[in-house]
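In: Okay, here's the prediction I keep looking at, along with the sequence it came from:
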Amino acid sequence: MNSNLKKWSAEFLGTFWLTFGGCGSAVLAAVFGVEHALGIGLLGVSLAFGLTVVTGAYAFGPISGGHFNPAVSIGLAVGKRFSFAELPGYIISQVLGAIAAAGVLYLIATGKISGPAPVGGFATNGYGELSPGKYSLTAVLICEVVMTAIFLLVILGSTAKRAAGGFGGLAIGLCLTLIHLVSIPVSNTSVNPARSTGPALFTNNGAIDQLWLFWLAPIVGAIIGAIIYNLLLSDD
């Protein structure tokens, strides 16, 4: 099989798993808990996102690098760990994976035979009235930029040649868990334009109109993180 097709397939599947596992925990498990007192809550959803990255990184990382996130791919290119020429194929694969995951999740969420379907906000990201804590556009912008910048610093640092071998995926997954613990109340946590795009296409709550921010902020944050690493922390 063509090596590029293998990479694109790995990115599609990894982003599918991240979106389905992370957003699925919020859409299905949290709503289920409201009715049955078994909700996984903020900690559970945060762990779910982290676990999808850990498992995906070890399963698909050896094939594609395990980005699963357009902002990460762009940040790694700026950080000189990835080729700019490969960005289009990776980003398209990631977005398609997230959309496919959201579609499958929507079919499941709307398949209840009794009671209201647990769709709600469908794990979409937003500011203002669409922010879980009703945070402003400025607050969400700052949060997403800072969180994504830190995410890139952790990715670049934990996968550097001098880092302990084999632990990069674990460090990155735990970092994403912490990011969600902090920022779910602010923006429902994006730091990933693909993850934001998939759910936004399957709800009519207005998230699609705010999607631009969840492309802009993570990409800006990723570039900032990569520049900081190159200037202050890199061995090169």
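Out: Thanks, I have it.
In: all contacts plus neighbour counts: C-alpha atoms, from now on.
Out: Fine.
In: How about the contacts made by the spatially most central residue of the chain?
Out: Using Cα atoms, centre = their mean, the residue of the chain that lies closest to the mean C-alpha position is Asn192, 4.0 Å off. Asn192 is in contact with Asn69, Pro70, Ala71, Val72, Phe214, Trp215, Pro218, counting by Cα atoms under 8 Å, 6 or more residues apart in numbering.
In: Among those, give me the pair with the biggest separation.
Out: Pairwise distances across those (Cα to Cα) peak at 13.3 Å, for the pair Val72 and Phe214.
In: the helices in the chain, which residues?
Out: 3-24, 30-36, 41-64, 70-78, 87-109, 137-158, 168-187, 193-200, 213-228 (DSSP state H).
In: quick one: low-confidence parts of the protein?
Out: 1, 30-38, 113-120, 236 (pLDDT under 70).
In: isn't Val27 right next to Ala123, touching?
Out: Yes: in this structure, Val27 is within contact of Ala123 by Cα atoms under 8 Å, at 6.2 Å.
In: if we can go back for a sec, out of the contacts of Asn192, who's the most crowded?
Out: Per-residue neighbour counts (other Cα atoms under 10 Å) across the contacts of Asn192 peak at Pro218, which has 30 neighbours.
In: That one against Ala194, yeah?
Out: No: contact criterion Cα under 8 Å: Pro218 and Ala194 do not qualify, at 10.5 Å.
In: From Trp17, how far out is Leu51?
Out: 10 Å (Cα to Cα, to the nearest Å).
In: Oops, could you answer that again for Ala163 instead?
Out: Taking Cα to Cα, one finds Ala163 at 26 Å from Trp17.
In: Who has more neighbours out of these two?
Out: Trp17 (24 against 12).
In: nearest spatial neighbour of the more buried one, skipping sequence neighbours?
Out: Leaving out its chain neighbours, the residue that sits closest to Trp17 by Cα to Cα, 6 or more residues apart in numbering is Thr52, at 6.3 Å.
In: so what's the closest residue to Ile91 other than its chain neighbours up against?
Out: Excluding its sequence neighbours, the residue lying closest to Ile91 (Cα to Cα, 6+ apart) is Pro70, at 5.2 Å. Contact partners of Pro70, counting by Cα under 8 Å, 6+ apart, are Tyr90, Ile91, Gln94, Val95, Asn192, Pro193, Ala194, Ile219.
In: Run a quick neighbour tally on the first one.
Out: I take that to be Tyr90. 25.
In: So it is in contact with Trp8, correct?
Out: Yes: between Tyr90 and Trp8 there is a contact at 5.9 Å, judged by Cα under 8 Å.
In: any idea how far Ser73 is from Ala85?
Out: 11 Å.
In: Comparing those two, which residue is more hemmed in?
Out: Ser73 (27 against 9).
In: quick one on the thing from earlier: so which of the contacts of Asn192 comes closest to Ala59?
Out: Asn69 (15.8 Å).
In: For that closest one, list the residues it contacts.
Out: Thr15, Ile91, Gln94, Asn192, Pro193, Ala194, Arg195.
In: Please tabulate these in JSON lines, including the columns distance to Leu181.
Out: What follows is the contacts of Asn69, written out as JSON lines (distance: Cα to Cα, whole Å):
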{"residue": "Thr15", "distance to Leu181": "20"}
{"residue": "Ile91", "distance to Leu181": "26"}
{"residue": "Gln94", "distance to Leu181": "24"}
{"residue": "Asn192", "distance to Leu181": "16"}
{"residue": "Pro193", "distance to Leu181": "19"}
{"residue": "Ala194", "distance to Leu181": "20"}
{"residue": "Arg195", "distance to Leu181": "17"}
